[in-house]
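what's the 3D shape of this:
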Amino acid sequence: MTDRTKPTPALSNEITTDEIKDWDNKHVMHPWATLSPENPDFGLIQRSSGIHMVDDNGKRYIDGPGGMWCVNVGHGRTEIAEAMAKQASQLNYVSPWTSATEPSAVLARRIAAETPGDLNTVFFTTGGSSAVDTALRFVQFYNNVKGRPEKKTFIAREKGYHGSTYLAASVSGKERDRKFLDTNRDFVRFLPNVNPYIRPDGMSMDDWRDEKLAELEEMIKDVGADKVAAFIAEPILASGGVIVPPEGYQKGCLEICRKYDVLYISDEVVTGFGRLGHWFASEKVFGITPDIITCAKGLTSGYVPMGAAIFSDRLLDEIKHDDHADIMFSNGYTYSGHPVSAAAALKNMDIIEDENLLEHVREVSPHFQARLRALGEKYRIIGDARGMGLVGCLEGSALPDSPEKERRDIDYEFGHKMDVAAEKRGLLVRPIINMCVFSPPLIISRDEIDEMFDILDDAIAEVEAEMLS
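Numbers count the residues shown, from 1 in each chain. The predicted model follows:
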């Protein structure tokens, strides 16, 4: 049994956890890092298994965010580690410019078997950002080859998040990510927030959906259909706060895109590989067959970086002609289709199939969502409890007649306070301003779901008592 009074040795007996934390503070720039002179004091996670992670003091936490929406099959899967080791020993790397490999070819065929419609061509990338970047560059390339260089405007939604590379960040609509960082807005137009939670009092979900669809159509007309290249959208706007558009919205958007010859890019970096109980959510959940799907995260369950942009045969057939034989899509990455990453993804897909995880997600999701919504009904500080499948969000909000200070404090501090309150009880969540979101590993059991929401229940009670006292 671990002695929780002593730090767990790290890497070797010669390195202490204090040294590791000091080196991290001095030498590692973390994503979304602040420039505060004070050390951020990141927790040091040393091992993980199943739905849990363990820190340097031996304290165990439920991994509420599932890593970063990605650890779908859970932590500590030795099958994936062994598949990676075997592949690395046999063939660690070969240039994707000049050679094919068995793992990447098998993986591409396997992905194509699960995608909707004629999305059969897979371009492997290093992650979600580069998958989106590839999709956007292909759309530009596609229109250039077709002799339509003016058809380059992308339409996206506010609160949507599509990545951190320059192109992907340019089509991302999270306003807080734009501070002090440049993006190119010349070729992007943003539609207003689609979140049903902000619709006017008395407006039905159908009317809200129709308003959002009308916004898309009016923007295409305003820009000019001959200038709009594509609409890019997450089926669920994950990092924007688990925003679930009203029923029929995605299908309506696709119909409008088809009407005006605008391509539809479905960003399934979060929803792909089981988060909503299907390999891909576009067709099975939302009834659409887009032109391009991007994916990453759950593709390897976070065991190694990998992403993909998946293209419709129709798009490629339209530009494959004899007079285009010398034209190349000169976009690529050193690690496209990396054999070790492909081996991890294949074993990851094996686990999802062998353990019937897609069916499991569909079975436990109603209970997960019921527990989530019960918290929204129980606490005054929760303005909205929303989600779908195994992803959820609790949004903090004050009552309309609350004092200005209370409203301001909740808007800026709820997520952080929930993060602290949950963490000390053994649950990690992801704070986003006045929200906390969670997307636990798909292997989570019904009893573990109850444990997670019991902790959330207790944490909200503490935060509400503190903030509304």
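
next one: the spatially closest residue to Gly376 that is not a sequence neighbour from Asn39, what distance?
Excluding the flanking residues, the one nearest Gly376 by C-beta to C-beta, 6 or more residues apart in numbering is Ala385, at 2.9 Å. Backbone N, C-alpha and C define where each C-beta goes, glycine included. According to C-beta to C-beta, to the nearest Å, Ala385 stands 34 Å off from Asn39.

so for the two, which residue has more residues nearby?
Here Ala385 and Asn39 are compared on neighbour count by other C-beta atoms under 10 Å; more neighbours surround Ala385, at 22 against 11.

residue contacts, the more buried one?
By C-beta atoms under 8 Å, 6 or more residues apart in numbering, the contact list for Ala385 reads Leu372, Arg373, Ala374, Leu375, Gly376, Glu377, Gly392, Cys393, Leu394, Glu395.

got phi/psi on it?
Dihedral pair for Ala385: phi -120, psi 110, per degrees, to the nearest 10.

do the same with Val188
Dihedral angles for Val188 - degrees, to the nearest 10 - are phi -130, psi 140.

give me the beta-bridge partners of it?
Bridge pairing for Val188 (DSSP bridges) gives the partners Phe154.

that one reaches Phe154, doesn't it?
Yes: the criterion here is C-beta atoms under 8 Å, and Val188 meets it with Phe154 at 5.1 Å.

so for these two, which sits in the more crowded spot?
Using other C-beta under 10 Å as the criterion, Val188 and Phe154 rank with Phe154 on top: 23 against 19.

that one contacts Phe187, doesn't it?
Yes: if you go by C-beta under 8 Å, Phe154 and Phe187 touch, sitting 6.1 Å apart.

show me the helices in the stretch 1-150 of the chain, by range?
For the stretch 1-150 of the chain, the helices defined by DSSP state H, counting those that start in this stretch occupy 17-27, 66-69, 78-90, 102-114, 128-145.

out of those, nearest to Arg430?
Among the helices of the stretch 1-150 of the chain, helix 66-69 comes nearest to Arg430, with 7.9 Å by C-beta to C-beta.

and the contacts of that closest one?
Contacts for helix 66-69 (C-beta under 8 Å, 6+ apart): 72, 238, 269-270, 275, 297-298, 302, 391, 430, 438-442.

mind redoing it with 6 Å?
Val270, Lys297, Gly302, Ser439, Pro440, Pro441 (C-beta atoms under 6 Å, 6 or more residues apart in numbering).

give the buried residues for it.
By 16 or more other C-beta atoms under 10 Å, the buried positions in helix 66-69 come out as Gly66, Gly67, Trp69.

check stretch 245-256 too.
In terms of neighbour count (16+ other C-beta under 10 Å), stretch 245-256 has its buried residues at Pro245, Pro246, Gly248, Tyr249, Gln250, Gly252, Cys253, Leu254, Ile256.

mind giving me the domain ranges of this protein?
Following automatic domain parsing, the chain resolves into domains at 17-73+356-467, 79-354.

could you export these as a markdown table, including mean pLDDT?
Supplementary listing: those in a markdown table, determined by pLDDT from 0 to 100:
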| stretch | mean pLDDT |
| --- | --- |
| domain 17-73+356-467 | 94 |
| domain 79-354 | 96 |
